[in-house]
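**Q** Pasted the sequence and its predicted model underneath.
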Amino acid sequence: MSRIGVFVCHCGENIGRTVDCAAVAQACGELPGVVHSIDYKYMCSDPGQALVKQAVAEHKLDGVVVAACSPHMHEKTFRKTVANAGINRFLCEMANVREHCSWIHEDREEATQKAIDLTRFIVEKIKHNVPLEPIKIPVTRRALVIGGGIAGIQAALDIADGGCEVVLVEKEPSIGGHMSQLSETFPTLDCSQCILTPRMVEVYQHPRIKLMAYAEVDKVEGYIGNFTVTVRQKARGVNASLCNGCGECQKVCPNKKIASEFDAGLGKRPAIYVPFPQAVPNIPVIDRANCALYKGRARNAKKDACKKCEEVCGRKAIDFDQQDTFLTEKVGAIVVATGYQLYNIKKEQDKEAISGYGEYGYGTIPDVIDGLQFERLASASGPTGGKILRPSDGKEPKTVVFLQCIGSRDPAKGIDYCSKICCMYIAKHTMLYHHKVHGGQAIVFFMDIRAGGKGYDEFTRRAIEENDALYVRGRVSKMYRDGDVIKVLGFDTLSGEPMHIDADMVVLATAMRPQPGIESLAQKLSVSYDRFGFINEAHPKLRPVETNTAGVYVAGACQAPRDIPDAVAMASATASKILGLFSASELEREPLVAQVDQGTCAGCFHCVRVCPYGAVEHFEVKDRKGNLIKTVAQVNKGVCQGCGTCQANCPSKSVELQGFTDQQIFAAINAF
Amino acid sequence: MAAKTSTDKASFKPRIAAFVCNWCTYTGADLAGTSRLQMAPNVRIIRLPCTGRIDPLFIIKAFERGADGVIVSGCHPADCHYTSGNYHARRRFAVARDVFGFMGIDPKRITFSWVSASEGGKWAEVVNDTTARVQELGPFSAYREMEARV
């Protein structure tokens, strides 16, 4: 027979006003198994908790039901209290008679009856509670950071500076991400590369950071504290340990006409290249799709077409036969910092839900460029050496039209959200343009100016008031090429006048989208993503850098559109979370996980199919001689998150979620 | 407890069981409380980690034990705390609906809804709507009558 104590809290007047707490205590005291039932003004206060402790000792309680606020509020408090009193903390449960009762009802009689019911359910449930011990799992004090943009760099440096090892995986040949492409950054107008490249070098030289550039995560197994990650190191065609980055190979490569990714297609690069001079690591890769040798080999040519880079390399570092290699890394935590790509306005889109801009010619007008291309034009390291020259004929544009919210906030195009950074970088562009092209006119079409942030609104005001940018509130309905100019037909919604502008160049503030392939990476990591592909955080307010898979964290623009300070702040937050996780050699987890009764399990493995975490494994039951008797399911306690989907699906009811067993729940329903 | 329920329609007070997930609807109902949204006092919540944990037998059992209606509510699609538990629940109930009918339970007595942690108002609506609907349908007496015959 159980010895249960019921403790009814008045919560000052919060519960007591509508619920007759004394009546609840009395009614519950009459339930079978309840040996002690009292009410008190403030159960969570020190004297209140002392009452619980005292009762546990005096009445030798083996179950404590606190009828008070939501368990989300004080379950931890009271479980700690009973643990201090010497009984297992999972023998304490709460009945929610405040949020779910006294606060939402006025009729005292009805509310009191409901409170009695709610408490009775929990009393019946707790009769089937069993003591549970926290699960201890070892932690590998080493982190994986996916993505080497500013967020990934910051996370890696912070974790490494905190004393733990980091593996940084970047899919491009160099780390640096989009930030390395920017000319100057808002709102301070400091040079992006000047603040970024020292951080990149720091990563490269850090004794605790293992940098794997030109590599991708292939497979992720395991769980918090114990991940095994397979990384595919893509073949550069260059032996990284021999190459000293002299750059001779790039000079002799005959194919120098390839559109440079780093210059957003505005500049050219050879087939063997480093993306930009400050690249880290400064080791070239061979672009196999454009290299004459590989193209020849693909055609089964008898002789290699060109080996100029190999001939000129004094270090003998060129290795045409290099293959992709797979490396296994053991880590305890993972940061996803894969960043963004820009929406393109073309007809063909990678997702059905997203469509292009026919009204702007689907990206066929050469002098209609996007924000990143403008960054490259304005950058001193860019294809024009920092001069604003339009791509079609290299002339200085005298009228530049900037269009905000291209794709963003446009459900008709399939992107409903605000991309957050565009208002700011367009203001920056108009300033840079004003500084570089004297007498030039910048015209901005905007929907709203969203400049929330420290010094941000002042910045956009400066663009308008001191840099002569003409801001027009409205949209552009059509753009077409007419001889030398682009006809821009728009509408000024404030004056109510249509606008016809002859522009020399148009810059589109296209939407930020997650990187291609984010869905498949998210699936490898068992983290969820929204319909746009952004990784979901565990809680939008209180757990913004955790994901719903323990041990996997998220930083930067792969979670939502972010600017640099946001991305850096998130990255540092993930680092602090991870260093906290690594501060102990063992992890303690709530033991509310599923457990299989291997005696009754028939091995149908329905549970394997429904488990969102891949936590159910096959286990072979053998006799003493080692002969296989049957294969059954087994739950990995480290991976299981305790949703209980397996239990609801199990045909033989052989798997039970601790804390929410069938016995416990049916007992509660039976009390209905 | 079943015997207490009055069969007189005017004084009939429906008793409704709600099986809700811990992360969205339970928290949404908490928010309704914090926001002091007044609602019908007929619903009793039973907390589960996830709608994926809900066995259709829970619902049948609740009716057997005197419930006149049942609410099942969890996270919105794509919002599940456990990634996909709510999808499993949704599929399960698409099938179970027919079984309930077969077992003499009018599917109108069962509300299946999504209420997120930020939708306190929606929770109050679900509670009020379900209570009103069950009030209209009258007490669920099929099982008690059957019991009486046996």
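**A** Now that the structure is in, tell me what you want to look at.
**Q** neighbours around residue 22, how many?
**A** You didn't pick a chain, so chain A it is. Neighbours of A:Ala22 under the rule other CB atoms under 10 Å in any protein chain shown: 14. Placement of C-beta: from N, CA and C, glycine included.
**Q** The intended chain is chain B.
**A** There are 20 residues near B:Asn22, going by other CB under 10 Å.
**Q** wait, what's in contact with it?
**A** When contacts are counted by CB atoms under 8 Å, 6 or more residues apart in numbering or on different chains, B:Asn22 touches B:Arg47, B:Leu48, B:Pro49, B:Cys50, B:His81.
**Q** Before we move on, what's the pLDDT of it?
**A** Predicted confidence (pLDDT) for B:Asn22: 93.
**Q** OK, contacts around residue 126?
**A** Using chain A. By CB under 8 Å, 6+ apart, A:Ile126 lies in contact with A:Ser2, A:Ile4, A:Gly63, A:Val64, A:Val65, A:Leu91, A:Glu93.
**Q** Chain B, not that one
**A** B:Ile71, B:Ser73, B:Thr111, B:Ser113, B:Val115.
**Q** quick one on the thing from earlier: just among the contacts of B:Asn22, which is most surrounded?
**A** Among those, the one with the most neighbours (other CB under 10 Å) is B:Cys50, at 31 neighbours.
**Q** got the buried residues for the helix or strand of chain A with the lowest mean pLDDT?
**A** Across the helices and strands of chain A, mean pLDDT, DSSP states H and E gives its lowest value to strand A:586-589, namely a mean of 86. Buried positions in strand A:586-589, judged by neighbour count with 16 or more other CB atoms under 10 Å in any protein chain shown: A:Leu587, A:Arg589.
**Q** Just checking: what are the partner strands of whichever helix or strand comes after that strand?
**A** Next in sequence after strand A:586-589, counting helices and strands by DSSP states H and E, comes strand A:594-596. Strand pairing for strand A:594-596, using DSSP bridges, gives strand A:655-657 (antiparallel).
**Q** After the strand it pairs with, which helix or strand is next?
**A** Following strand A:655-657 in sequence, per DSSP H and E, is helix A:662-670.
**Q** contacts for that following helix?
**A** A:121-122, A:124-125, A:127-129, A:647, A:653, A:656, B:17, B:46, B:48, B:55, B:58, B:61-62, B:65.
**Q** Let's see it as PDB, backbone CA atoms only.
**A** Provided in PDB are the C-alpha atoms of helix A:662-670 (Å, rounded to 0.1, in the frame of the first residue of the first chain):
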ATOM      1  CA  ASP A 662       0.800   2.700 -19.400                       C
ATOM      2  CA  GLN A 663       0.200   1.800 -15.800                       C
ATOM      3  CA  GLN A 664       0.600   5.400 -14.700                       C
ATOM      4  CA  ILE A 665      -1.500   6.900 -17.400                       C
ATOM      5  CA  PHE A 666      -4.300   4.400 -17.200                       C
ATOM      6  CA  ALA A 667      -4.400   4.800 -13.500                       C
ATOM      7  CA  ALA A 668      -4.900   8.600 -14.000                       C
ATOM      8  CA  ILE A 669      -7.700   7.900 -16.600                       C
ATOM      9  CA  ASN A 670      -9.300   5.400 -14.300                       C
END
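**Q** buried ones in that helix?
**A** Result for helix A:662-670 [16+ other CB under 10 Å]: buried residues A:Asp662, A:Gln664, A:Ile665, A:Phe666, A:Ala667, A:Ala668, A:Ile669.
**Q** For the chain, which residue occupies the most central location?
**A** Assuming you mean chain A. With distances taken as CA atoms, centre = their mean, A:Val554 lies nearest the centre of chain A, 3.4 Å away.
**Q** what about that residue, distance to A:Glu348?
**A** Remark: distance between A:Val554 and A:Glu348 (CB to CB, to the nearest Å) = 29 Å.
**Q** for A:Leu327, same thing?
**A** For A:Leu327, the distance to A:Glu348 - CB to CB - is 35 Å.
**Q** what about the closest residue in space to B:Lys13 that isn't next to it in sequence, neighbour count?
**A** Spatially, and ignoring its direct neighbours in sequence, B:Lys13 is nearest to B:Asn42 (6.4 Å; CB to CB, 6 or more residues apart in numbering or on different chains). Counted by other CB under 10 Å, the residues lying close to B:Asn42 total 22.
**Q** Surely A:Arg461 is within a strand?
**A** No. Secondary structure of A:Arg461 (DSSP: H, G, I helix; E, B strand; the rest coil): helix, not part of a strand.
**Q** Tell me how many other residues crowd it.
**A** Neighbour count of A:Arg461, defined by other CB under 10 Å: 13.
**Q** And A:Gly247, by the same measure?
**A** A total of 13 residues lie near A:Gly247 under the criterion other CB under 10 Å.
**Q** Show me which residues of the worst-scoring helix or strand of chain B on mean pLDDT are buried.
**A** Lowest by mean pLDDT, DSSP H and E among the helices and strands of chain B is helix B:142-149, with a mean of 84. Buried residues in helix B:142-149, defined by neighbour count with 16+ other CB under 10 Å: B:Tyr143, B:Arg144.
**Q** Chain B versus the residue nearest to A:His500 when sequence neighbours are not counted, what's the distance?
**A** Leaving aside its chain neighbours, A:His500 sits nearest to A:Leu489 (5.9 Å; criterion: CB to CB, 6+ apart). Distance, A:Leu489 to chain B, by CB to the nearest CB, to the nearest Å: 39 Å.
**Q** Check A:Val145 too.
**A** 23 Å.
**Q** thinking again about what came up before, is the least confident helix or strand of chain A up against chain B anywhere?
**A** No. Strand A:586-589 stays clear of chain B (CB under 8 Å from any CB of the partner chain), getting no nearer than 14.3 Å.
**Q** What is that strand packed up against?
**A** strand A:135-138 (3 or more CB pairs under 8 Å, 6 or more residues apart in numbering or on different chains; DSSP states H and E).
**Q** The strand it packs on vs chain B: in contact?
**A** No. Judged by CB under 8 Å from any CB, strand A:135-138 and chain B are separated, with a smallest distance of 15.9 Å.
**Q** Okay, buried residues for the following helix or strand past that strand please.
**A** Moving toward the C-terminus from strand A:135-138, the next helix or strand (DSSP H and E) is strand A:142-146. Buried positions in strand A:142-146, judged by neighbour count with 16+ other CB under 10 Å: A:Arg142, A:Ala143, A:Leu144, A:Val145, A:Ile146.
**Q** Let me know the closest of the residues you listed to chain B.
**A** A:Ile146 (18.9 Å; CB to the nearest CB).
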